[in-house]
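S.K.: Any chance you could fold what I've pasted below:
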Amino acid sequence: MNMSSPDSLEAVEHIYQALLKRWPETRIEPSLDRIAALCDALGSPERTYPVVHIAGTNGKTTTSRMIDSLFSELGYRTGRFTSPHLESFLERISLKGEPISPEGMIATYNDIALYLDLIDSRQPHPISFFEAMTALAFVAFAEFPVDVAVVEAGMGGAWDATNIVASQVSVITPIGLDHTEYLGETLEEIAETKSGIIKPETHVVLAAQPAEVAKVLTAKILEKSAIPYREGIEFSVSHRDIAVGGQMISVSGIFGEYTEIFIPLYGAHQGSNAAVAIAAVEAFAGVKLDEEIVRVAFAKVTSPGRFEVLYRDPTVIVDAAHNPHGAHALASTISTEFDFETVFGVLSILGEKDVHGVLMELEPVIDRLVVTQNSSDRALPVDDLYAAAVEVFGAERVFKEVDLQRAITTSIEQCTLINQKSEGVSAVLITGSVVTAGESRAILRKIVESRT
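M.R.: Have a look, this model is predicted:
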């Protein structure tokens, strides 16, 4: 990591605050007019490198990181744009696998600041936080310069700010219900919006999808004369075993077999994400990848905040699951890959989410739940979450703690006591949103430091 001066860190904080004064990520005015005008004024930086574009409901960020790792190992200079961030907004823009440096962010922001004001003055709505971040990424990639950019859509697809790219490959990860206020009430409507990233006569890699979603995506692929690669048909996970610290998979790729790939991540869904990532890079390259390079790339993959074991003794797991689809994957991983005697849950979720759906998925795997509140102004108030949790878990299994840090430390203390008294191993699971995951990582880092 770059050691940056206090001055540059302060300047980066000023930039972040200036960006936050713009329309927040959650406020959407579905249109590409502003980002198109902005990138046009900047000289269309997004057209200066090939792009792999990724949309979907769950698994986008991890799949982006896997694709980045594969390209890096193959010798490409990579740029990666993902959202939201866990702890620092610099994480959203990555160059060669590392977050952009504070100095890099300052230089890039200075390049575009006047253009932001210019477009603000010409458009009926100002450039939003997400649109500004997208433009910053496109410019940073052009300046670096990258050989390939891996770009994750923020929300939806058709009108998402990232959709001004001319992608060579588009990837659609599993689609579920989320952001229904913007994307539609049904899976079909959501699939229609996300299919908007598919460009004419390009390669399209599809993760396994519910039947009604597959139908919508296939229709769009035909309409665009694109070339589809579908999980379960053109490529698949052919074998998967749980392994110490992760899993061992084999993948039948588009152009050949990849065997004995170790991935240091937990859950069957991560095996599928890996197959999708391999297919995306194969589609881009047009050939089978070197198997040894694939093995090295996956051994290096990390996915912060995604079933991340951040503490041992007791085991503390942080997961950014924020919708029923993500909570289902989390619950399935805990029940099939671990044998915990008791699981203490810590949950804080954002108000607009399907809270009941998430609680229903988590109920079978969490023995004792502490509901709490992260610092987001969109967080569901702790009393509301408590009432919802009691309905699903029953009053005797639910506790509330207004402060996230106290919720975590209390759960760790209780878990430690149980572990001291019993033969089995118990764990703490913290989940509910990306904000919760990010803040918990910072809290746990302090706990670790205080104990070493």
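S.K.: Now do the phi/psi pair for residue 379.
M.R.: With angles defined as degrees, to the nearest 10, residue 379 sits at phi -60, psi 140.
S.K.: what's around the closest residue to it other than its chain neighbours, how many residues?
M.R.: Excluding the flanking residues, the one nearest residue 379 by CB to CB, 6 or more residues apart in numbering is residue 373, at 4.9 Å. (C-beta placed from N, C-alpha, C; glycine too.) Residue 373 has 23 neighbouring residues, counting by other CB atoms under 10 Å.
S.K.: how about the strands of the stretch 201-350 of the chain, start to end?
M.R.: 203-206, 227-230, 236-243, 246-252, 257-263, 308-311, 315-318, 343-347 (DSSP state E, counting those that start in this stretch).
S.K.: go on, the stretch 51-200 of the chain?
M.R.: Here the stretch 51-200 of the chain has its strands, by DSSP E, counting those that start in this stretch, at 51-55, 78-81, 93-95, 98-99, 148-152, 169-172.
S.K.: Let me know the pLDDT of residue 179.
M.R.: With respect to pLDDT, residue 179 scores 58.
S.K.: Let me have the strands of the stretch 201-350 of the chain in JSON lines, adding mean pLDDT, distance to residue 116 and mean neighbour count as columns.
M.R.: Formatted as JSON lines, these follow (pLDDT from 0 to 100; distance: least, CB to CB, whole Å; neighbours: other CB atoms under 10 Å):
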{"stretch": "strand 203-206", "mean pLDDT": "98", "distance to residue 116": "33", "mean neighbour count": "27"}
{"stretch": "strand 227-230", "mean pLDDT": "98", "distance to residue 116": "37", "mean neighbour count": "18"}
{"stretch": "strand 236-243", "mean pLDDT": "98", "distance to residue 116": "43", "mean neighbour count": "16"}
{"stretch": "strand 246-252", "mean pLDDT": "98", "distance to residue 116": "42", "mean neighbour count": "20"}
{"stretch": "strand 257-263", "mean pLDDT": "98", "distance to residue 116": "40", "mean neighbour count": "17"}
{"stretch": "strand 308-311", "mean pLDDT": "95", "distance to residue 116": "34", "mean neighbour count": "18"}
{"stretch": "strand 315-318", "mean pLDDT": "98", "distance to residue 116": "34", "mean neighbour count": "23"}
{"stretch": "strand 343-347", "mean pLDDT": "98", "distance to residue 116": "37", "mean neighbour count": "26"}
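S.K.: Reformat those as JSON lines; add distance to residue 221.
M.R.: Shown next, in JSON lines, are the strands of the stretch 201-350 of the chain (distance: least, CB to CB, whole Å):
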{"stretch": "strand 203-206", "distance to residue 221": "6"}
{"stretch": "strand 227-230", "distance to residue 221": "5"}
{"stretch": "strand 236-243", "distance to residue 221": "18"}
{"stretch": "strand 246-252", "distance to residue 221": "21"}
{"stretch": "strand 257-263", "distance to residue 221": "25"}
{"stretch": "strand 308-311", "distance to residue 221": "34"}
{"stretch": "strand 315-318", "distance to residue 221": "36"}
{"stretch": "strand 343-347", "distance to residue 221": "38"}
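S.K.: Any idea which of the ones you listed gets closest to residue 27?
M.R.: strand 343-347 (25.6 Å; CB to CB).
S.K.: Give me the distance from the following helix or strand past the closest one to the chain's centre.
M.R.: Next along the chain after strand 343-347, taking DSSP states H and E as the criterion, comes helix 355-362. Distance of helix 355-362 from the chain centroid (CA atoms, centre = their mean, to the nearest Å) equals 20 Å.
S.K.: Could you give me the buried positions within helix 355-362?
M.R.: 355, 357, 358, 359, 360, 361, 362 (16 or more other CB atoms under 10 Å).
S.K.: just to revisit the earlier point, ok, which of the strands of the stretch 201-350 of the chain comes nearest residue 165?
M.R.: Nearest of those (CB to CB): strand 203-206, 14.0 Å.
S.K.: Need the contact partners of the closest one.
M.R.: Residues from elsewhere that reach strand 203-206 (CB atoms under 8 Å, 6 or more residues apart in numbering): 168-172, 198, 214, 217, 221, 226-231, 276, 279-280, 283-284.
S.K.: Next: stretch 4-17.
M.R.: Contacts for stretch 4-17 (CB under 8 Å, 6+ apart): 89, 90, 101, 102, 103, 105, 106, 109.
S.K.: For that stretch, buried residues please.
M.R.: Buried, per 16+ other CB under 10 Å, within stretch 4-17: 4, 8, 11, 12, 15.
S.K.: what does stretch 76-95 give?
M.R.: 76, 78-86, 89-95.
S.K.: and what of stretch 414-423?
M.R.: By 16+ other CB under 10 Å, the buried positions in stretch 414-423 come out as 414, 415, 418, 419.
S.K.: can you tell me which residues contact the closest residue to residue 422 other than its chain neighbours?
M.R.: With sequence-adjacent residues excluded and distances taken as CB to CB, 6+ apart, residue 422 is closest to residue 341, at 6.2 Å. Residues in contact with residue 341 (CB under 8 Å, 6+ apart) are 418, 422, 423, 424, 425, 426.
S.K.: Helices - which of these land there?
M.R.: If you go by DSSP state H, the contacts of residue 341 have residue 418 in helices.
S.K.: is it true that residue 333 touches residue 265?
M.R.: No. Using CB atoms under 8 Å, residue 333 is not in contact with residue 265; the gap is 9.6 Å.
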